[in-house]
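J.: Based on what follows, work out the 3D shape:
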Amino acid sequence: MATDTQTGLLSEERSTKRAMLHGWHRTCPNCGQGPLLKSYLTVRDECPVCHEELHHQRADDGPAYITILIVGHLMAPFLHLTFSHIDQPDPLIVATVFSVACVALSLYLLPRIKGAFVGLQWAKRMHGFKDS
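T.: A predicted model of the protein is given here:
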């Protein structure tokens with residue numbers, strides 16, 4: 001139990017790790033059962049299972065920046081290895097393979113990272129995620 005600084009009332013601790021894992025799996029950070037997203041990146045206004053309000057989230061551009069950071073840090077070493085271990089690789093083939101890989105990895109990571117951001121905000125009671 002922790003004391004809420006605004007109201008002075010005791011409130012339950014919210015597990016950040018659990019909430020972010022639920023978000024990574026694109027489920028409600030509160031119950032872990034209801035779907036978090038209603039389309040590819042649109043967060044539901046409330047969980048259909050536990051009715052936790054989710055419209056408070058403000059993920060904005062954070063998930064996109066983290067996705068670009070991760071994809072860039074994963075693809076750059078592979079690109080370096082490709083040119084250092086393959087003697088004169090065809091640039092068109094390399095560009096095609098790495099473009100497809102970057103897009104595929106970005107499309108996979110982006111909704112999961114957004115879910116983790118929403119889970120973090122919920123666990124830390126940010127942007128209106130107070131006790132229900």
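J.: C-alpha from now on. contacts and neighbour counts both.
T.: Will do.
J.: Spell out the residue ranges of the strands in the protein.
T.: 2-3, 10-11 (DSSP state E).
J.: Quick check: longest helix in this protein by residues?
T.: helix 91-123 (DSSP state H).
J.: Now do that one, average pLDDT.
T.: On average, the pLDDT along helix 91-123 is 96.
J.: what number of residues lie near the nearest residue to Pro89 once chain neighbours are set aside?
T.: Residue nearest to Pro89 in three dimensions, not counting chain neighbours: Phe83, with 6.8 Å by CA to CA, 6 or more residues apart in numbering. Phe83 is flanked by 14 other residues according to other CA atoms under 10 Å.
J.: was I right about Phe83 contacting Val94?
T.: No - counting by CA atoms under 8 Å, Phe83 does not reach Val94; the two are 9.1 Å apart.
J.: What residues of stretch 33-46 count as buried?
T.: Within stretch 33-46, the residues scored as buried using 16 or more other CA atoms under 10 Å are 33-37, 43-46.
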